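**Q** model the following, please.
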Amino acid sequence: MEIRAIRTFTTIVKYGNFLKAAEALNYSQPTITLHIKHLEEEIGEKLLERGKILRMTEAGRLFYERATDLLREYDRLDKTLEDLEGGSAGLIRIGVSEPTASLEFPSIIADFVQAHPKVEISLHIADANTLSGMLFHDQIDFAICGAPEVSMENLFKPLYYDDIVLLVPNSHPLSEKAIAEIHDLRNETILFTPHNCPIRIKIEQIIVETIGSNYKKLEISNSMAHKHFVQAGLGVSLFTRTANSFALPGTKIMEIKGIEAAPVIGLLKKNNTIYGKASTHLLEMIDTYFSEKNALSKQETSI
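**A** Coordinates of the predicted model:
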């Protein structure tokens, strides 16, 4: 049953004759007649009584009631598919790790949502290893995160390399120094991300090589909670400059020598994935954001 034949039938009913319906649909009158003939043959019932006054049969009235609802839903679907093809509708499932999720992604999403108000966004915040598994099992479309330990056949494209800074309470003796060194961490309580975090592993290896085991550690799975624990005087934190882009009252961000680590933030996606227009636009916005951040970082370094 062709949708155009159904539309032809409802248009004939609307205008009351074949000629006006043909003009409204920009069809020839024989085409209109053929549409109705095929429709009646397919249904197995006569829909219209021809005469001086065109009348619907009982089957025609029943079919007309259902046909108008069907055409309304079809037009809605057609418009939705048109929006989807044009990139103005759809659902994008994104995985994001901290601190990017809290400190950087909101501004990116805000610009995107303004440009694509009909597109739905679903954000999943987790660590890189978890997001890699979600991507593999098709629970997200792509992720912005650190490099996972196991790629699970996913592709990782670096976007930005961060560096490590030290966060201390204002009351801590270290806060009086211009630049801290690894030796200054002797006997300190250091706040760490989880034991399987690649950057935490590298930082701790450097610390052990320098001061041995002469330090305490407090492991906190949520990296964005570190500054609150530092604020409470529970230790010092070694984490990314991005995470410490602002300090809480009572805390101080410090440079530290000797931590040669460059945490990476990148795009994690499946191999050979073809994205829709909306997703492609969002990925372009993300790429532009981190390109500008890289340029700004290089500019600050050269000053």
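**Q** quick one: the helices in the stretch 1-150 of the chain?
**A** Taking DSSP state H, counting those that start in this stretch to define them, one finds helices in the stretch 1-150 of the chain at 3-15, 18-25, 29-43, 58-86, 100-103, 105-115, 128-136.
**Q** among the ones you listed, which is the most enclosed?
**A** Mean neighbour count (mean count of other C-beta atoms under 10 Å) peaks for helix 128-136 among the helices of the stretch 1-150 of the chain, with a mean of 21. (Each C-beta comes from the backbone N, C-alpha and C, glycine too.)
**Q** residues contacting residue 177?
**A** By C-beta atoms under 8 Å, 6 or more residues apart in numbering, the contact list for residue 177 reads 184, 254.
**Q** meant to ask about residue 228
**A** Each residue near residue 228 by C-beta under 8 Å, 6+ apart is listed here: residue 248.
**Q** try 10 Å
**A** 220, 222, 234, 248, 251 (C-beta atoms under 10 Å, 6 or more residues apart in numbering).
**Q** do you know how far the fourth one is from residue 231?
**A** Residue 248 is 5 Å from residue 231, where distance means C-beta to C-beta, to the nearest Å.
**Q** quick check: neighbours shared by the two?
**A** Shared contacts of residue 248 and residue 231 (C-beta under 10 Å, 6+ apart): 167, 169.
**Q** neighbour-wise, which of those two wins?
**A** Using other C-beta atoms under 10 Å, the more surrounded residue of residue 248 and residue 231 is residue 231, with 16 against 13.
**Q** surely that one touches residue 169?
**A** Yes: here residue 231 lies in contact with residue 169, judged by C-beta atoms under 10 Å, at a distance of 6.9 Å.
**Q** what residues are shared contacts of these two?
**A** With C-beta under 10 Å, 6+ apart as the test, residue 231 and residue 169 both reach 248, 250, 251.
**Q** out of those, which is nearest to residue 105?
**A** Nearest to residue 105 among the shared contacts of residue 231 and residue 169 is residue 248, at 20.5 Å by C-beta to C-beta.
**Q** quick one: the closest one is in a strand?
**A** No: when classified by DSSP: H, G, I helix; E, B strand; the rest coil, residue 248 is found to be coil rather than part of a strand.
**Q** residue contacts, it?
**A** By C-beta under 10 Å, 6+ apart, residue 248 lies in contact with 167, 169, 227, 228, 230, 231, 232.
**Q** check what pLDDT residue 205 gets.
**A** We have a pLDDT of 93 for residue 205.
**Q** what's near enough to touch it?
**A** Contact partners of residue 205, counting by C-beta under 10 Å, 6+ apart, are residue 261.
**Q** that one and residue 22, how far apart?
**A** Distance of residue 205 to residue 22, given as C-beta to C-beta: 81 Å.
**Q** got a list of what the residue at the greatest distance from the centre of the chain touches?
**A** Farthest-out residue of the chain from its mean C-alpha position, per C-alpha atoms, centre = their mean: residue 52, at 61.1 Å. The contact partners of residue 52, taken as C-beta under 10 Å, 6+ apart, number zero.
**Q** including distance to residue 183 and pLDDT, could the shared contacts of residue 231 and residue 169 go into TSV?
**A** What follows is those, written out as TSV (distance: C-beta to C-beta, whole Å; pLDDT from 0 to 100):
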residue	distance to residue 183	pLDDT
248	26	91
250	25	95
251	22	95
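**Q** so which of those residues is the closest to residue 201?
**A** Nearest to residue 201 among the shared contacts of residue 231 and residue 169, counting by C-beta to C-beta, is residue 251 at 25.0 Å.
**Q** can you pull up the bridge partners for that closest one?
**A** residue 169 (DSSP bridges).
**Q** wait, it touches residue 174, no?
**A** No: using C-beta under 10 Å, residue 251 is not in contact with residue 174, being 11.5 Å away.
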